[in-house]
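S.K.: My questions are about this predicted structure, shown below with the sequence.
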Amino acid sequence: MAVMTPNAQDWARYENRIASASDVELAEIEQELFGRKNGVLTLALKELSSLDGDARSAKAKELNIQKKTLAEAITTKKSDLLSSTDGAFDVTMSLPEAERGHLHLIPEFIREVEEVFGRMGFDVFRSAEIEDEEYNFDLLNFPKDHAARDAQDVFFIKSDAPADNKLLLRAHTSPGQIRYMQSNKPPFRAIFPGKVFRKDADATHSPMFHQFEGLMIGKDISLANMKGVMITAIKELISHDAEFRCRTGYFPFTEPSMEMDMRWQGDDDSSREGKWMEIVGCGMTHPNVLRNCGINPDEWQGFAFGFGVERMIMIKHQIPDLRSLFQGDRRFLKQF
Ligand code: DAH
């Protein structure tokens, strides 16, 4: 096959293209000229064998000059591109850090809770956010006239449910204990993390917040076990320097009941009620609650606790207002 050997004008055009090429274009031109199979120069040099005598040596001379000129032009252009600012590749340049998303503080903390209690042999059990009065109150030994049932505090749901067992957004994770005890045989230990709802809103209260409940039932589980489990977990989750204060308390579903406070580690603030913040209610599971779940209280005993997740996070990260956790402001969230 005869190949049209480029003439002087064609070579000049190549030189112009090289002069204005980007690094990608330059690589293409190099291939077009010098490619081992179809390079224009490669083919033109091969064509020489079809010429003879003087014509052949004259053509060979011309092609070799072109080859040298174009190869040099390409080399020069390559180093120009490397040293010019827009083509330079500076290995010492520090690039802006690529942004990476991460879990919000609340699910992140709950995962840690599951991990820490998991290591202590606790199951994780989740149950519905919509409950009825029976599970949110009655089976937990709340008397019918208990103040916690007040419509001022609880979000009741309009439904066809009977007037004495209305549907509601659960006000605590404690109904999870009942559901778990009804479907498992002791001994057991489990935690119950999730969202809960109350008509409350200020710097340390939000109408939706998170709790994790814990329950441990066995033959001889005591308050000492409870304290050991809770303090081990809190130190692991918040800080080994955490300071606690236990007070007597009252909950219908535990007897005796206690409340535990943690010392606020940030700046003093009037919303903190001094330096202490209540983070957990706890106690020995009331015999009536065990009975309500078909467990014999003469045979089994144990403890339960209910932690406020947001409050623990506030203490851990020294966040003065719990509402910042729910505002979705990326400037706040990116700090953690
Ligand atoms: N349910 C209680 C609340 O929301 C917290 C609580 C107290 C849970 C004592 C428990 C407990 O399991 O034993 O205020």
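M.R.: Now that the structure is in, tell me what you want to look at.
S.K.: Quick check: residues of the chain near the ligand?
M.R.: 172, 174, 213, 251, 254, 281-283, 304-306 (C-beta under 6 Å from any ligand atom). Every residue, glycine included, has its C-beta placed from N, CA and C.
S.K.: hmm, 5 Å instead?
M.R.: Proximity of the chain to the ligand, by C-beta under 5 Å from any ligand atom, involves residues 172, 174, 251, 254, 281-283, 304, 306.
S.K.: Flag every buried residue along stretch 148-161.
M.R.: Within stretch 148-161, the residues scored as buried using 16 or more other C-beta atoms under 10 Å are 149, 154-155.
S.K.: Tell me which residue of the stretch 1-150 of the chain lies closest to the ligand.
M.R.: residue 140 (8.0 Å; C-beta to the nearest ligand atom).
S.K.: what's the neighbour count on that residue?
M.R.: By the criterion of other C-beta atoms under 10 Å, residue 140 has 25 neighbours.
S.K.: what does the one 5 residues further on give?
M.R.: The tally of other residues near residue 145 (other C-beta under 10 Å) stands at 6.
S.K.: circling back: distance-wise, check the residue of the stretch 1-150 of the chain closest to the ligand relative to residue 12.
M.R.: Distance from residue 140 to residue 12, counting by C-beta to C-beta, to the nearest Å: 93 Å.
S.K.: cool, residue 324 as well?
M.R.: Distance from residue 324 to residue 12, by C-beta to C-beta: 69 Å.
S.K.: So between those two, which is more surrounded?
M.R.: Neighbours were counted for residue 324 and for residue 12 using other C-beta under 10 Å; residue 324 has more, 16 against 13.
S.K.: any idea what sits nearest that one, other than its immediate chain neighbours?
M.R.: Leaving aside its chain neighbours, residue 324 sits nearest to residue 332 (5.2 Å; criterion: C-beta to C-beta, 6 or more residues apart in numbering).
S.K.: Figure out the helix or strand that that neighbour lives in.
M.R.: helix 330-333 (DSSP states H and E).
S.K.: what do you get for residue 162?
M.R.: Using DSSP H and E, no helix or strand contains residue 162.
S.K.: Sketch out the low-pLDDT regions of this protein for me.
M.R.: Across the chain, the ranges flagged by pLDDT under 70 are 1-4, 85-89, 265-274.
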